[in-house]
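[1] here's my sequence, what's the structure:
(2 chains)
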Amino acid sequence: MVPVILGVYTIVFMIIHFIPGDPVDLILGETARPSDREFLRQELGLDKPVLDQYVSSMLRAARGDMGRSLHTNQPVLTTILKRVPATVELTIGAMIVAVLIALPLGIIAALKQYSYFDNGSMFFALLGISMPNFWLGPLLIILFSIKLGWFPVSGRGGIEYLILPAITLGTALAAILTRMIRSSLLEVKKEDYITFARAKGLREVLVIGKHALSNALIPVVTIMGLQFGALLSGSIITETIFSWPGIGRLTIQAIQTRDYPLVQGCVLVLALSYVLINFLTDLVYGFIDPRIRYE
Amino acid sequence: MGRKLQKIQPVWFVFFIFFLLLSCSKGDMGSALVVGVETNPTNLDPRLAVDIASLQVTDIVYNRLVKKDRHSNIVPDLAEKWEMPDDTTYVFHLRKGVKFHDGTPLTADDVKYTFDSIRDPSLKSPKRSSTSPIKEIRVIDKHTISFVLKRPFAPFLSNMIQGIVPMHIAKDKKNNLSRNPVGTGPYKLSKWEFDQKLELAANEDYFEGRPRLDRVVYKIIPDQTVRLLELEKGSVHLIQNGISPDVISRLEQNPKLKLIKETGVNYSYIGFNLEDSILKNKKVRHAIAHAINREDIIKNIQKGLAIPATGLLSPSHWAYEPKVRKFPYDPKKAKRLLDEAGYPDPDGDGPKPRFAIRYKTSQNQVRKRIAEVIQEQLIQVGIKVEMRSYEWGTFFSDIRSGNFQMYTLTWVGVTDPDIYYYIFYSGSVPPKGANRGRYSNKALDRLIEQGRYTLDLEKRKRIYSEIQKIIAEDSPYISLWYLKNVAVMRKELKGFELYPGEQFYSLKDVFFDNQEGR
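    Below is the predicted model of the structure:
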């Protein structure tokens, strides 16, 4: 885990410091004097060699101090932590939507292979993956917010604010999971222990629900874990469309304003959460599949 | 049973956390004027704020010594009158009975402190350079203050359009005006949810009378389409600018909305790098100017939301000079000028261009479309244009460092002609100013200096008339158009007025027609 975090931190540090764009220019605009620019550059430590800046920021980060935002002068960690609940809320909402759609669709598609339902599910899967968020989001808003008036247009508030962004973000994941559940269940259905379960006289609901599904879901859980990490960091478009105050949007704003400490902080938090979620996925894997145990 | 419980637990834990987070969510906004804005304000200290989002909040949280009205005339604000006993001294008489939001009376000490702190390098104020003409600030009594300048400086009053901060709060380093502003304005900050909304409450003791509305909410909605959908739904009541011209006609047809449009002072232009081997030739620049069909672009892309420009100052400006060299659309003349400049067409009507130029722009969608049209118009006269659009930080860095041949941008809020010093004076090359094209004309420099230090308005007008003629002839910029300011709002909203510099001053007077307090 540590080498991964270190690698991500170093690469991002180098990239953000070497792309064009001076944070001092972006903070002060063009009206400031050269002497004021230099003064600010020194205050922010940007006059030091890049390697010195890297070492000092790494040492601070190791102590849990991510510095202050160049633009707002607020502590980076506080700024990011304020966004975490919104991002986690949206991610969990998207996962719930994805599972609620994918589970029944995938199971029925597998049970009724080659039927109209199966073909329809696969078409939905293709559609879900192909539809970009920046198109789906406004469409949902026009239909459900403007025409029907069921949900607010944007912003974060009660559960009614979460529905449309969660559907927007969860649709592509639902499409992926539908296909995964279907193919995984089709594989498991052919196994000997399923034939044996039927031979024992168990009802089909138990055969599929207890014996087949629990084994079919093993690879699906892995995918869900990976996707959870991806959703945490990759929801920038959805966050922008729905004015959702998450970490993705914060990261993009930080990059656009060359707010170096904030970019570093956001990337560090996202990388940490990605690594942590992968680790938790591996642990859950062990719970679900008793054949897997970790030393 | 134990294994089943182990399988169930993680799922229930996730649901528990999820609903816990939901219970922490905020409720809805209640009744107020809701303004849809694109970006989050970053700094509410008027000594530090430079971005439009922050300025539109400080417009109504603070007052200034003086301000500009809708016709760009300097009018009283906190200073009810002023006089000049000599060419270098301004004496301002402050209104009595003005209080800050915490109830403390405003005095001349607050004004002195505001400007002294801007002059202090430790504040790192981007407005510090505007205070450089000041030699001394003297408090004469509680409501009278004088500014003594180093020499006569004509644009000085424009520099007094500066929000005044409370000394007793700003002096204490524990207070942070950037986050917790305290002004004398018609509204005061009540809540700020960063990147979601910023809520202002009416100042009951405002010296011009309590505003008609209880609250103003700036709702941050980055996506333009969603901003307009919020307006159509009624959860946003007002949007100013940032509207694609393509949707204007649709908005005009909506019976629940109304639009107001007025010619503003925002000046769009193409800038040249005069150190470039091709573009340093004036005939090439003139040829490019003649090759661009502005009227076509205004009609088809801007949808009439602009008027052709002839120079930096708009026709409504007191110093505007109409008799400058103009460049009407004339592709034949453009070709002839290019031939004379030493860039003949190598193959007549064939595909080979005379030369190629790189044209840089930002990622603004309308600017990109305009760039594509200009690209097409220039190839008709044999100039191949390679269009490059960049994210703002990179684009801004390139144009300041001179890493460009041609670029397009807009100067916003052009009111005082002293802007010529900032843009065209030879010593104003970045980082000292915004002479990004590295333009240099000694005769122009002398005139610009005269313009700064001449107080007589008629003389100043004559000086700037000459300046405008020289700039038009030399063409370091090609003038494109003056953009119209557009505001879209719910029909029941009354009292909103557009200001040339996009200020929100009129929000203190707006109200809903049926007084339902949405």
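
[2] what count of nearby residues applies to the residue of the stretch 151-295 of chain A at minimum distance from chain B?
    Distances from the stretch 151-295 of chain A to chain B, computed as C-beta to the nearest C-beta, single out A:P245 as the nearest residue at 4.3 Å. Heads up, the C-betas are built off the backbone N, CA and C, glycines and all. Counted with other C-beta atoms under 10 Å in any protein chain shown, the neighbours of A:P245 add up to 23.

[3] surely it touches B:Q196?
    Yes - under the contact definition of C-beta atoms under 8 Å, A:P245 touches B:Q196, with a separation of 5.1 Å.

[4] any residues in contact with both of the two?
    A:R156 (C-beta atoms under 8 Å, 6 or more residues apart in numbering or on different chains).

[5] how about the residues of the stretch 101-250 of chain B by chain A?
    Applying C-beta under 8 Å from any C-beta of the partner chain, one finds that the stretch 101-250 of chain B approaches chain A through B:121, B:124-130, B:178-179, B:193-197, B:219-223, B:225-226, B:229-230, B:232-233, B:235.

[6] what about 7 Å?
    Applying C-beta under 7 Å from any C-beta of the partner chain, one finds that the stretch 101-250 of chain B approaches chain A through B:121, B:124, B:126-129, B:195-196, B:219-223, B:225-226, B:229-230, B:232-233, B:235.

[7] now for the helix or strand hosting B:H286, which elements pack on it?
    Using DSSP states H and E, B:H286 sits in helix B:282-291. Taking 3 or more C-beta pairs under 7 Å, 6 or more residues apart in numbering or on different chains; DSSP states H and E as the contact definition, the neighbouring helices and strands of helix B:282-291 are helix B:331-340, helix B:365-379.

[8] how does chain B divide into domains?
    B:63-170, B:265-483 (automatic domain parsing).

[9] end-to-end on the last one?
    Its start and end residues considered, domain B:265-483 measures 7 Å (C-alpha to C-alpha, to the nearest Å).

[10] can you list contacts of stretch A:161-169?
    The set of residues that contact stretch A:161-169 without belonging to it, under C-beta atoms under 7 Å, 6 or more residues apart in numbering or on different chains, is A:89-90, A:93-94, A:97, A:133, A:136-137, A:140-141, A:144, A:151-152, A:155, A:231, A:235, A:238, A:242, A:244.

[11] so which bits of the helix holding B:H286 are buried?
    B:283-291 (16 or more other C-beta atoms under 10 Å in any protein chain shown).

[12] mean neighbour count for the helices and strands packed on helix B:282-291 - can I get that in JSON lines?
    JSON lines is the format used below for the helices and strands packed on helix B:282-291 (neighbours: other C-beta atoms under 10 Å in any protein chain shown):
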{"stretch": "helix B:331-340", "mean neighbour count": "18"}
{"stretch": "helix B:365-379", "mean neighbour count": "17"}
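
[13] need these in JSON lines (columns: distance to A:D192 and mean pLDDT).
    Formatted as JSON lines, those follow (distance: least, C-beta to C-beta, whole Å; pLDDT from 0 to 100):
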{"stretch": "helix B:331-340", "distance to A:D192": "80", "mean pLDDT": "97"}
{"stretch": "helix B:365-379", "distance to A:D192": "60", "mean pLDDT": "95"}
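
[14] of all these, which lies closest to B:G209?
    Of all those, it is helix B:365-379 that lies closest to B:G209, at 39.6 Å by C-beta to C-beta.

[15] what's the angle from whichever helix or strand comes after that closest one to helix B:282-291?
    For helix B:365-379, the succeeding helix or strand toward the C-terminus, using DSSP H and E, is strand B:383-389. Here strand B:383-389 runs at an angle of 80 degrees relative to helix B:282-291 (axes from the mean of the first three to the mean of the last three C-alpha atoms, to 10 degrees).

[16] what separates the following helix or strand past strand B:383-389 from the chain centre, distance-wise?
    Later in the chain than strand B:383-389, the nearest helix or strand by DSSP H and E is helix B:392-401. Taking the mean of its C-alpha atoms, helix B:392-401 sits 18 Å from the chain's own mean (C-alpha atoms, centre = their mean, to the nearest Å).

[17] helix B:392-401 vs strand B:383-389, what angle?
    Helix B:392-401 runs at 130 degrees relative to strand B:383-389, counting by the same axes, to 10 degrees.

[18] and the stretch 51-200 of chain A, which residues reach chain B?
    The interface of the stretch 51-200 of chain A toward chain B, taken as C-beta under 7 Å from any C-beta, is made up of A:71-72, A:85, A:88-89, A:92, A:138, A:141-142, A:145-146, A:152-159.

[19] coming back round to it: is it true that the residue of the stretch 151-295 of chain A closest to chain B touches A:G155?
    No - applying C-beta atoms under 7 Å, one finds A:P245 not in contact with A:G155, separated by 8.6 Å.

[20] need the residues touching each of those two.
    B:Q196.

[21] in CSV, list the helices and strands packed on helix B:282-291 along with distance to B:Y505.
    Listed next are the helices and strands packed on helix B:282-291 as CSV, based on distance: least, C-beta to C-beta, whole Å:
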stretch, distance to B:Y505
helix B:331-340, 43
helix B:365-379, 27
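
[22] the ones you listed: which one's closest to B:Y206?
    Nearest to B:Y206 among those is helix B:365-379; the distance by C-beta to C-beta comes to 37.8 Å.

[23] what about stretch A:177-194, distance to the chain center?
    When distances are taken as C-alpha atoms, centre = their mean, stretch A:177-194 is centred 26 Å away from the chain's centroid.

[24] do stretch A:258-278 as well
    On C-alpha atoms, centre = their mean, the centre of stretch A:258-278 falls 12 Å from that of its chain.

[25] buried sites along it?
    Of all the residues in stretch A:258-278, those buried under the rule 16+ other C-beta under 10 Å are A:258-271, A:273-275, A:277-278.

[26] isn't B:V91 right up against B:A79?
    No - the pair B:V91 and B:A79 fails to qualify as a contact (C-beta under 7 Å) at a distance of 9.4 Å.

[27] show me the contacts for the residue of the stretch 151-300 of chain B found nearest chain A.
    Among all residues of the stretch 151-300 of chain B, B:D195 sits closest to chain A, at 4.3 Å; criterion: C-beta to the nearest C-beta. Under the criterion of C-beta under 7 Å, 6+ apart, the neighbours of B:D195 are A:245, A:249, B:40, B:220.

[28] let's see it at 6 Å
    Contacts were defined as C-beta atoms under 6 Å, 6 or more residues apart in numbering or on different chains; by that measure B:D195 touches A:245, B:40, B:220.

[29] and the next element down the chain from the helix or strand bottoming out on mean pLDDT in chain A?
    Ranking every helix and strand in chain A by mean pLDDT, DSSP states H and E puts helix A:204-206 at the bottom, with a mean of 78. Tracing the chain C-terminally past helix A:204-206 and defining elements by DSSP H and E, one meets helix A:213-234 next.

[30] tell me, how many neighbours does B:F147 end up with?
    Applying other C-beta under 10 Å, we find 24 other residues in the vicinity of B:F147.

[31] the residue nearest to it when sequence neighbours are not counted and B:I292, how far apart?
    The spatial neighbour of B:F147 that comes closest, neighbours along the chain excluded (C-beta to C-beta, 6 or more residues apart in numbering or on different chains), is B:Y90 at 4.7 Å. Shown here: B:Y90 relative to B:I292, a distance of 44 Å by C-beta to C-beta, to the nearest Å.

[32] right, I'll call it a day here.
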